[in-house]
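> I would like the atomic coordinates for the input below:
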Amino acid sequence: MGKLFAVIRREYLERVRSRWFVIATLFGPVFFGALMILPALISSRDKASASGTNILIVDATGVGLGERVSTRLAGGIDGGAQAPQVKTVTMDALAQAESLATKQVMTDSVKGYLVLDSVTLTGVKARYAGSNTTAIFDMQRIEKAVQREVVGMALEKSGIDPEVAKQVLSTNVNVATERLTKAGRGGSGTLNFIFGAAVALVLYMTIFIYGLNVLRGVLEEKQTRVAEVVISSLPASRLLAGKVIGVGGVGFTQLVLWGAMSYLIFLVRQPILAKFGAAQTSMGLPDVSLGLGLIVLGFFVMGFMFYAGLFAAVGATVNSEQEAQQAQMPVVLLLVTSIMFLQNILTQPDSLLARILSMLPFSAPIVMPLRMTVAPVPPAEIAIALSSVALGAVASVWLASRIYRVGLLMYGKRPSVREIFRWVGQK
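Model prediction:
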């Protein structure tokens, strides 16, 4: 056991003392802190995109809809923006007006033009063309302004007082979401949604990065022939176990430090915003219990062991970085599968797809923590997922040790799949 601990200590300290570990450990909380602070800071100072009002409204309705839309855009975006230009034309002159407006866009005189005609008055559609159509928020503002003014004109036409119609149209109702659990109220649903996505991405990146570290470590030992010396005094299985535990400990340490430092940044978030004169927000902490945190860390540990074993097996079968890049693709694709369905699982955490992926050993380390942070999950499913990942980790490390003990001393030609299976079966 003393030799095993020596390997673990070497793998752990070699990486923890490196410059890149320090940089990554410090950069993580800074990045998360920026996500907490910068959006609120920017939104308190940033004015709406000028492209939302630097447009030309071609009005062929004959009832002044263009002027009404222009006024709403000027007051609806930032309360003091310059009103968009309005060009009133007849239906017969509409085609020529569109042609001239297109030339204005091409010469960058305006960002785009909005066409309002008789079809718009019926509530069917309006047309917009411009160079800023990918500015989604500007397009939503324009669409909302047109919708409100068309409805307003319809209300006035039906005999409703214009002031009453204006009050009705200016009414906005925001629906606040609150998560309920068996323990009671569980905080903001939106906050848990964001936190769940962050947990999944952090677990994915950590397992991926440190799994590759195991692969490169095995390959480096094989290329420098260090393994030949070490194996003479230590069984290959213990050498592999020491490497996996040591590198995994580095990833575990980094996750814990990221969590603690991100929490500290959250505590000083409001004072920082107040110092810069930014608007205060009521965002709290996500609904994460100590038990949930420990389960997430458990999934990380076992998930890392599962993928570290596979990466180590790949490293033992190759002789160069180029071969490693090709051979690691099946393992990488298994890991990527877990994150491919991130959006589907966030929006439907209890769907059949989410439940299946949270039970499979290669995807459960990421999918199950994601599900648990956004919605209540039955304890039986959590237990099945933990058992699945644990069995997968044991099988992966056992398989890797069988390949590792032979492949670590094999040089030259890359082995075929049949030869690798023969290594596994050797006693």
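> tell me which residues in stretch 60-73 are buried?
Using 16 or more other C-beta atoms under 10 Å as the test for burial, stretch 60-73 gives 60-61, 65-66, 68-70, 72-73. Yep, even glycine has a C-beta here, placed from its N, CA and C like the rest.
> out of those residues, which are inside helices?
65-66, 68-70, 72-73 (DSSP state H).
> Now the two most distant members of the residues you listed.
For those, the maximum inter-member distance is 12.5 Å, found between Leu65 and Leu73 (C-beta to C-beta).
> quick check: domain ranges of the protein?
2-42+187-425, 50-169 (automatic domain parsing).
> returning to that earlier point: and of the buried residues of stretch 60-73, the nearest to Phe5?
Nearest to Phe5 among the buried residues of stretch 60-73, with distances taken as C-beta to C-beta, is Leu73, at 68.8 Å.
> Which residue is the nearest non-sequential neighbour of that closest one?
Beyond its immediate neighbours in the sequence, the residue positioned closest to Leu73 (C-beta to C-beta, 6 or more residues apart in numbering) is Ala145, lying 5.1 Å away.
> same deal with Ser388?
Taking C-beta to C-beta, 6+ apart, and ignoring the residues beside it in sequence, Ser388 has Pro361 as its nearest neighbour in space, at 4.9 Å.
> Could you report the neighbour count for that neighbour?
Here the neighbour count serves as a burial measure; for Pro361 (other C-beta atoms under 10 Å) it reads 22.
> thinking again about what came up before, hang on, the residue nearest to Leu73 packs against Thr71?
No - Ala145 is beyond contact range of Thr71, at 9.0 Å (criterion: C-beta atoms under 8 Å).
> Would you tell me which one of the ones in helices among the buried residues of stretch 60-73 comes nearest to Gly123?
Nearest to Gly123 among those, with distances taken as C-beta to C-beta, is Leu65, at 11.7 Å.
> residues contacting the closest one?
Contact criterion C-beta atoms under 8 Å, 6 or more residues apart in numbering gives 59, 116, 120-121, 149-150, 153 as the residues in contact with Leu65.
> Do you know the pLDDT at it?
Model confidence at Leu65, given as pLDDT, is 89.
> Next: the one 3 residues further on.
pLDDT recorded at Arg68 is 88.
> cool, Gly76 as well?
Model confidence at Gly76, given as pLDDT, is 51.
> Columns secondary structure and pLDDT on top of the contacts of Leu65, output as CSV?
Below are those laid out as CSV (DSSP: H, G, I helix; E, B strand; the rest coil; pLDDT from 0 to 100):
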residue, secondary structure, pLDDT
Asp59, strand, 92
Leu116, strand, 92
Thr120, helix, 88
Leu121, helix, 84
Glu149, helix, 86
Val150, helix, 86
Met153, helix, 84
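> for the helix ranked longest in the chain, which positions count as buried?
Secondary structure assigned by DSSP H gives helix 189-224 as the longest helix of the chain. Of the residues in helix 189-224, those buried under the neighbour-count criterion (16+ other C-beta under 10 Å) are 191-200, 202-204, 206-208, 210-215, 217-219, 221-222.
> Please report the distance of the residue nearest to Leu73 from Leu370.
Plainly put, Ala145 is 38 Å away from Leu370 if you go by C-beta to C-beta, to the nearest Å.
> Please say which of these two ends up with more neighbours.
Between Ala145 and Leu370, counted using other C-beta under 10 Å, the more crowded position is Leu370 (30 against 25).
> Tell me who's in contact with that one.
Listed by C-beta under 8 Å, 6+ apart, the contact partners of Leu370 are 196-197, 199-200, 342, 345-346, 349.
> tell me which of those is nearest to Ser262?
Taking the contacts of Leu370 together and measuring to Ser262 by C-beta to C-beta, the closest member is Val199, at 11.6 Å.
> so that closest one touches Val296, yeah?
Yes - Val199 is in contact with Val296 according to C-beta under 8 Å; the separation is 6.6 Å.
> can you list the ones in helices among the buried residues of stretch 60-73 in a markdown table and add distance to Ser237?
Converted to a markdown table, those look like this (distance: C-beta to C-beta, whole Å):
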| residue | distance to Ser237 |
| --- | --- |
| Leu65 | 78 |
| Gly66 | 78 |
| Arg68 | 77 |
| Val69 | 73 |
| Ser70 | 75 |
| Arg72 | 72 |
| Leu73 | 70 |
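> okay, now Val244: neighbour count?
Using other C-beta under 10 Å as the criterion, Val244 is surrounded by 29 other residues.
> element containing the nearest residue to it once chain neighbours are set aside?
Nearest-residue entry for Val244: Ala308, 4.5 Å, with adjacent residues in sequence omitted and distances by C-beta to C-beta, 6+ apart. Per DSSP states H and E: Ala308 is located in helix 290-317.
> thinking again about what came up before, of the contacts of Leu370, closest to Val256?
Using C-beta to C-beta, Val199 comes nearest to Val256 of those, at 13.9 Å.
> Find me the pLDDT at that closest one, would you?
pLDDT recorded at Val199 is 78.
> Next up, the contacts around it.
For Val199, the contact set (C-beta under 8 Å, 6+ apart) comprises 296, 369-370, 373.
> now the helices for the stretch 51-200 of the chain?
Taking DSSP state H, counting those that start in this stretch as the criterion, the stretch 51-200 of the chain carries its helices at 65-77, 94-106, 118-121, 136-157, 162-169, 189-224.
> a markdown table please, covering the ones you listed and showing distance to Met302.
Rendered in a markdown table, the data for the helices of the stretch 51-200 of the chain read as follows (distance: least, C-beta to C-beta, whole Å):
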| stretch | distance to Met302 |
| --- | --- |
| helix 65-77 | 51 |
| helix 94-106 | 57 |
| helix 118-121 | 59 |
| helix 136-157 | 40 |
| helix 162-169 | 56 |
| helix 189-224 | 11 |
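> Now tell me which of the ones you listed the model trusts least on average.
Ranked by mean pLDDT, the helices of the stretch 51-200 of the chain bottom out at helix 162-169, with a mean of 70.
> Next up, the contacts around Val164.
When contacts are counted by C-beta under 8 Å, 6+ apart, Val164 touches no other residue.
> what's the distance between it and Phe304?
With distances taken as C-beta to C-beta, Val164 is found 63 Å from Phe304.
> For the protein, name the helix or strand with the lowest mean pLDDT.
The helix or strand of the chain with the poorest confidence is strand 184-188; it has a mean of 48 (mean pLDDT, DSSP states H and E).
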